[in-house]
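Chemist: A predicted structure for the sequence below; I have some questions about it.
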Amino acid sequence: MFNVKKELDFASQHECLVIGVFQKTTNLKGTLAELDSRLDGYIMELLKSGDISAKKKGISKVHTFNKIGAKRLYFVGLGTEKEFSFELLREALGRLFKSASSERWTEATFVLDTFTNENVDSLDAAHALGEAFAMGTYQFEGYKQKPNLPEKNIESLTLYVTGPETDEVEAALSVGYVYGMGVNSARTLVNTPGNMLTAKDMATYAQELGGKYGFEVEILEKEQIENLGMGALLAVNQGSEEPPRMIVLKYQGKETWENVIGLVGKGITFDTGGYSLKTKMGIVGMKTDMGGAAAVLGAMQIIGELKPEQNVVAVIPSTDNMISGNAFKPDDVITSMSGKTIEVLNTDAEGRLVLADAITYAKFHGANYLVDVATLTGGVITALGLNTTGAFTNNESWFEQVLEASYEAGEPMWRLPIFEKDWERVRSSKIADLNNSPGSEGHAIMGAAFVGEFAESTPWVHLDIAGTSVTKQNHDLGPSGATGVMARTLALLIERFEPIS
């Protein structure tokens, strides 16, 4: 699929040759100057006239009229050299690949040096290209008799480089592609309807992932969940015809099982709200309430491909939240695996309940650090909108590592506080240790504080992706629907992890 070469032969036949251009370019250099010469100064004229756009993310197509081997030239606008960044490049290339679907490309050739400057080197550019290729061409097949998919797909990418060794560039390109494909796997899980992705189906998916990458796999079925006293997960599952699963994947990248990072993902395959029933509009789209689980599974796919020297345990509590004569009710009191009792005031605050048992089980498996990911609250959307993930923590040093990974992944997050009075509110039940919904004020904070009660003193970060896990808009790196958010952040966190002293 990937070819990296040293010398660009202008006579070689290519379907298209892709070149990056910066704004305010007055003197063409290197490959671009040679290309301009072979096209009789045509490139510089088009740049001056604006027919080739150098504005960031601008895409321009030029026919070569058989003056070189490539049939067409595609120019990608990179903006000014000062504002150029890895993230801008990834988005610009994503936009290019999205347009490639309508152009019916089967192959593309890139002059990599034209996508670099002092801000972005060749290896970073290759990584961005790999991510953009995977994510920008993603489409969910769906279930139509005639899927709306392109008739042709890009089957190969060729990169011409002059700087680093070709094997280094190819490795960076491949790693970027692995990250992008991990995101795509998470997207597909979230886009899949709830009747086609039950807790059993999710467990089967995880088992197949484990088999492919050699993970240790543990799937707890209902009887085992009962024997372990996971009363919070069982309560959410009470109204369902589908039995629950507690899914565990272990990856050991070190000789000893120490400094273990626990990734916990909320896996509610459909959420009616239970007796605290959602509105007719609010219930639509609740197949996506397992976005946290999808992010964890996408990250585990990346980890399986790249095999970092770290220890990871992924734990996913999975069920749907339904209504029946057996369903749990407001005013019920349940006992979690940790032994803490919980007064249920809102059956639609079910995600924090299943996370409670999952976090306890992750610690049982030796997790020394925790990150949980969940589509937990509408409150985080009110606070931060649809583009920023809400983050909460009990440990500054651990949070800094998660924040750095999110920045590198281009998946922004913003930390919200948990003060002592917030902890007091989730402990305010008169008949149990905790209540699961102290009120709508500071809703996202209350959800996080509840989950944090089960992390206890273990370094922990909670990521609320209710606003960022799906989008209604097509964007540079993909279509509307699931975003696969946090799969890359989690994988980068594992790759870059440093134990806290």
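Modeler: Right, received. Where do you want to start?

Chemist: Secondary structure of residue 466: a strand, I assume?
Modeler: No - Residue 466 is assigned coil when assessed by DSSP: H, G, I helix; E, B strand; the rest coil, not a strand.

Chemist: How about it: what's its closest non-neighbour residue?
Modeler: residue 375 (4.6 Å; C-beta to C-beta, 6 or more residues apart in numbering). For glycine as for every other residue, the C-beta is placed from the backbone atoms N, C-alpha and C.

Chemist: correct me, but that neighbour touches residue 351?
Modeler: Yes - assessed by C-beta atoms under 8 Å, residue 375 is found in contact with residue 351 at 7.1 Å.

Chemist: now the helix or strand where residue 178 lies, how far from the chain's geometric center?
Modeler: Using DSSP states H and E, residue 178 sits in helix 166-191. Its chain's average C-alpha position is 11 Å from that of helix 166-191, according to C-alpha atoms, centre = their mean, to the nearest Å.

Chemist: Could you pull out the buried residues of it?
Modeler: Applying a neighbour-count criterion of 16 or more other C-beta atoms under 10 Å, one finds 169-191 buried in helix 166-191.

Chemist: what do you get for stretch 257-267?
Modeler: For stretch 257-267, using 16+ other C-beta under 10 Å, the buried residues are 259-267.

Chemist: ditto for stretch 403-414
Modeler: Quick answer for stretch 403-414 (16+ other C-beta under 10 Å): 403, 405-406, 408-413.

Chemist: for stretch 350-368, same thing?
Modeler: Across stretch 350-368, burial judged by 16+ other C-beta under 10 Å covers 350-363, 365, 367-368.

Chemist: Which of those fall within helices?
Modeler: If you go by DSSP state H, these have 351-363 in helices.

Chemist: Tell me the one among those residues nearest to residue 235.
Modeler: Nearest to residue 235 out of those is residue 353 (C-beta to C-beta; 6.4 Å).

Chemist: quick one: contacts for that closest one?
Modeler: Taking C-beta atoms under 8 Å, 6 or more residues apart in numbering, we find residue 353 in contact with 232-233, 235-236, 334, 336, 342, 344, 436.

Chemist: again, but for residue 160
Modeler: 5-8, 31, 109-113.

Chemist: With adjacent residues omitted, what lies nearest to it?
Modeler: In space, residue 160 is closest to residue 8, 4.3 Å off (C-beta to C-beta, 6+ apart).

Chemist: Could you double-check that the one you found sits in contact with residue 110?
Modeler: No - here residue 8 does not reach residue 110: they are 10.1 Å apart, not a contact under C-beta under 8 Å.

Chemist: biggest separation within the buried residues of stretch 403-414, which pair?
Modeler: Top of the distance list for the buried residues of stretch 403-414 (C-beta to C-beta): 403 and 410, 13.0 Å.

Chemist: Sort out for me which of the contacts of residue 160 are in helices.
Modeler: Short answer: those in helices (DSSP H) are residue 31.

Chemist: In the contacts of residue 160, which has the lowest confidence score?
Modeler: Within the contacts of residue 160, pLDDT reaches its minimum at residue 7, with 81.

Chemist: all strands of the stretch 1-150 of the chain, in order?
Modeler: For the stretch 1-150 of the chain, the strands defined by DSSP state E, counting those that start in this stretch occupy 2-5, 14-21, 59-63, 70-77, 107-111.

Chemist: How about residues contacting the second one?
Modeler: Think strand 14-21. By C-beta under 8 Å, 6+ apart, strand 14-21 touches 31-32, 35, 47, 52, 54, 68-78, 89, 96, 103, 105-111, 114-115, 158.

Chemist: Could you rerun that using 6 Å?
Modeler: 54, 70, 72-76, 78, 107-111, 114-115 (C-beta atoms under 6 Å, 6 or more residues apart in numbering).

Chemist: Restricted to strands, list the buried residues of stretch 257-267.
Modeler: Among those, the residues falling in strands (DSSP state E) are 260-265, 267.

Chemist: any low-confidence regions in the stretch 1-150 of the chain?
Modeler: 148-150 (pLDDT under 70).

Chemist: ditto for the chain
Modeler: Where the chain drops to pLDDT under 70, the residues are 148-152.

Chemist: Show me what the longest strand seen in it is packed against.
Modeler: Counting residues, the longest strand found in the chain (DSSP E) is strand 311-321. Packing contacts for strand 311-321, counted by 3 or more C-beta pairs under 6 Å, 6 or more residues apart in numbering; DSSP states H and E, involve helix 199-213, helix 231-237, strand 245-252, strand 260-265, strand 267-271, helix 291-306, helix 351-364.

Chemist: show me where the stretch 1-150 of the chain has helices.
Modeler: 30-38, 42-49, 86-103, 122-136 (DSSP state H, counting those that start in this stretch).

Chemist: Check those helices for me and report the most buried one.
Modeler: helix 122-136 (a mean of 25; mean count of other C-beta atoms under 10 Å).

Chemist: and the angle for the first helix or strand past it going along the chain with strand 107-111?
Modeler: Reading on from helix 122-136 to the C-terminus, the next helix or strand found by DSSP H and E is strand 156-160. Counting by axes from the mean of the first three to the mean of the last three C-alpha atoms, to 10 degrees, strand 156-160 lies at 20 degrees to strand 107-111.
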